[in-house]
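> next input, structure requested:
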Amino acid sequence: MAGAARRSIRTTEKRPRAAVPRADETFAAAIRASGVPMLLAEARPPGYPVAFANEAFCRLTGHAADEILGRDCPFLQEAGNGGLPLAHLRAALSRGEEARGEVRLARKDGMFVGAAVSVSPVRVASGTRYAFAVFTDVAAREDDDAAGSRAALQAALEHRTELLHELDHRAKNTLQVIASLLMLRARRGPDAATRAILDRMAERVGALAAVQRLGGPDDGCLDLRVFAEEMAGELLAGVEPGRITVSVEVEPILVPAAKAGPLVLLLHELAVNAIRHAFPDGRRGNVRIAAARADGRLALEVADDGVGLQATNPPRDGFGLSLIAMVARQLGGVLVWDEARPGTRAQVSLPLDAAGA
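Numbering: from 1, shown residues only. Prediction:
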C-alpha cells in the first residue's frame, strides 16, 4: 500500500475476551457486512482490548478476527507513531466526546497502512463502556479525492469547450450578418463608387467569417491551404467563366486562431487586388497563389501575368494597398512588390511563429 514500510510489530499477550454486547440482529448484521472498517474495543485501560472487528477491518489489516479479538489496541498501531494517543482517546471518551485522528495500522504482513479514524463512546445497559472506531483507508480516500478532482477538471474542461464552441458559432453568425447587411446596403447605394466600396467591405468581412467557419473545432487553427482553395473558388464566381484562371500552390500550414484573421485578410486582399485590377477590359490571364515554409519563415506570394503595376498605376494611399501594408507589418512581415514582366508579383515573408508551425 501507498506509503507503506516494513516495521516490526509489537506483540502483547491476549487478555480474556469480554462478551460482545447484545444488539439488534439486523443492526449487528449490517455492521458485520459493511464495507467500512469498524472495530469495537472495551473502554478499559490500559490497552483497550478489542471486542469486535468486522470483515472490512480484517481485510484492511490482513489479520483474521481471532488474531485481533482480545488483543490490546496498540498492537494494531505502528510503534512510536500512534497518531491517536490513548491518553487523548481516554480523555475524549471520559467526557463522552468523539475523538478523531489518523493512525498507522500494522498489517499482518509487516506493512503499515494510513487510516483516518473516528472513535465514539458507547455505553450499554449493563454500564460497560466501549469505544466504537470507524476507519477510512487514507490511500483509498486520496484515490477517491484524486478521481473526484479529475472528474471535476474534466467536467470544467468540457464546459469550457462548449462555451468556446458557442462563442465561435456566435462570432461566425455575427460576421455573416454584417456581410449580408453590407451587401444589402451596397445594392441600394446612391452611386457605383459607394456600391463598390460596400461590396469590398462585405468581401473582407466574409473572409474573416471563413476563419470562424473553417477553424478547427477544438484549437481553432486554420488550414491555410483549405482557405486558399475556397477563397479562389469564391473570387472566380464573380468573373466571366474561363477568362481568369487561379492556381493554388499552398502547403497545408496550420495557422493559430489568434493569427488566422490578419493572415487571411492579407491573402484575400492580395488575391482580390490581382483579379480585379490586373486584367482590365476583359483581358484574360492567370493568377498564382502560393504559400510555403522557407528558411524558417512563411513565404506568401500572389502573382499575375496581367498588365502590371505601371499600367494600372494604383494610388499608393488607396485603402486596399494601405490595408495590405498595415497587416503585413502587424504580422511582423516584409512586403515586396515586383514587376513580373508580364504582370505583378507581391511577396510577403513572415516569421513562422506569426503564422503557425
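> strands of this protein, residue ranges please.
38-42, 50-53, 99-106, 112-123, 129-137, 222-223, 244-250, 254-255, 285-294, 297-304, 334-339, 344-351 (DSSP state E).
> and stretch 192-204, which residues are buried?
Neighbour-count burial for stretch 192-204, with 16 or more other Cβ atoms under 10 Å as criterion, is recorded at Arg195, Leu198, Asp199, Arg200, Met201, Ala202, Glu203, Arg204. Heads up, the C-betas are built off the backbone N, CA and C, glycines and all.
> got TSV for these, with pLDDT and distance to Ala33 too?
Formatted as TSV, the buried residues of stretch 192-204 follow (pLDDT from 0 to 100; distance: Cβ to Cβ, whole Å):
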residue	pLDDT	distance to Ala33
Arg195	77	84
Leu198	78	79
Asp199	76	79
Arg200	74	79
Met201	78	75
Ala202	75	74
Glu203	77	74
Arg204	79	73
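> among these, which lie within helices?
Judged by DSSP state H, the buried residues of stretch 192-204 include Arg195, Leu198, Asp199, Arg200, Met201, Ala202, Glu203, Arg204 as members of helices.
> ok so, going back, of the buried residues of stretch 192-204, closest to Arg59?
Nearest to Arg59 out of the buried residues of stretch 192-204 is Arg204 (Cβ to Cβ; 70.5 Å).
> can you pull the contacts of the closest residue to that closest one other than its chain neighbours?
In space, and not counting its chain neighbours, Arg204 is closest to Leu265: 6.5 Å by Cβ to Cβ, 6 or more residues apart in numbering. Leu265 sits next to Arg204, Ala207, Leu208, Leu323, Val327 when contact means Cβ atoms under 8 Å, 6 or more residues apart in numbering.
> does the first one touch Leu266 like I think?
No: with contact defined as Cβ atoms under 8 Å, Arg204 does not reach Leu266; the gap is 10.9 Å.
> re earlier: most widely separated two among the ones in helices among the buried residues of stretch 192-204?
Using Cβ to Cβ, the two most remote members of those are Arg195 and Arg204, lying 15.2 Å apart.
> which ones are touching Ser307?
Heads up, residue 307 is Val, not Ser. Counted by Cβ under 8 Å, 6+ apart, Val307 has contacts Ala278, Phe279, Pro280, Arg283, Pro342, Gly343.
> again, but for Arg100
Here Arg100 is in contact with Ala116, Val117, Ser118, Val119 (criterion: Cβ under 8 Å, 6+ apart).
> which of these tops the neighbour count?
Tallying neighbours with other Cβ atoms under 10 Å puts Val119 at the head of the contacts of Arg100, with 26 neighbours.
> bridging residues for that one?
Ala99, Ala133 (DSSP bridges).
> roughly how far does it sit from Glu102?
Here Val119 is placed at a distance of 12 Å from Glu102 (Cβ to Cβ, to the nearest Å).
> what's the answer for Ser34, then?
Separation of Ser34 from Glu102 (Cβ to Cβ): 20 Å.
> can you check Ser322 too?
According to Cβ to Cβ, Ser322 and Glu102 sit 71 Å apart.
> which of those two has more neighbours?
The residue with more neighbours, out of Ser322 and Glu102, is Glu102; 15 against 12, by other Cβ under 10 Å.
> pLDDT score for that one?
The per-residue pLDDT reported for Glu102 equals 78.
> Ala116 is in contact with that one, correct?
Yes: between Glu102 and Ala116 there is a contact under Cβ under 8 Å: 5.2 Å.
> quick check on the contacts of Leu265: which are buried?
Looks like the contacts of Leu265 have Arg204, Ala207, Leu208, Leu323, Val327 buried, using 16+ other Cβ under 10 Å.
> for these, which one is nearest Glu229?
When these are ranked by distance to Glu229 (Cβ to Cβ), Ala207 comes first, at 13.7 Å.
> ok, now which ones touch that closest one?
Shown in contact with Ala207 (Cβ under 8 Å, 6+ apart): Met231, Val264, Leu265, His268.
> okay if I get these as JSON lines plus pLDDT and distance to Pro252?
Formatted as JSON lines, the contacts of Ala207 follow (pLDDT from 0 to 100; distance: Cβ to Cβ, whole Å):
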{"residue": "Met231", "pLDDT": "88", "distance to Pro252": "15"}
{"residue": "Val264", "pLDDT": "89", "distance to Pro252": "15"}
{"residue": "Leu265", "pLDDT": "88", "distance to Pro252": "20"}
{"residue": "His268", "pLDDT": "90", "distance to Pro252": "18"}
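> any idea which of these is closest to Arg187?
The closest of the contacts of Ala207 to Arg187 turns out to be His268 (Cβ to Cβ; 21.7 Å).
> how many neighbouring residues does that closest one have?
23.
> isn't Ala346 right next to Val334, touching?
No: the pair Ala346 / Val334 is not scored as a contact, 11.5 Å apart, by Cβ under 8 Å.
> those two: who's more crowded?
Legend: neighbour count by other Cβ under 10 Å for Ala346 and Val334, higher for Ala346 (24 against 12).
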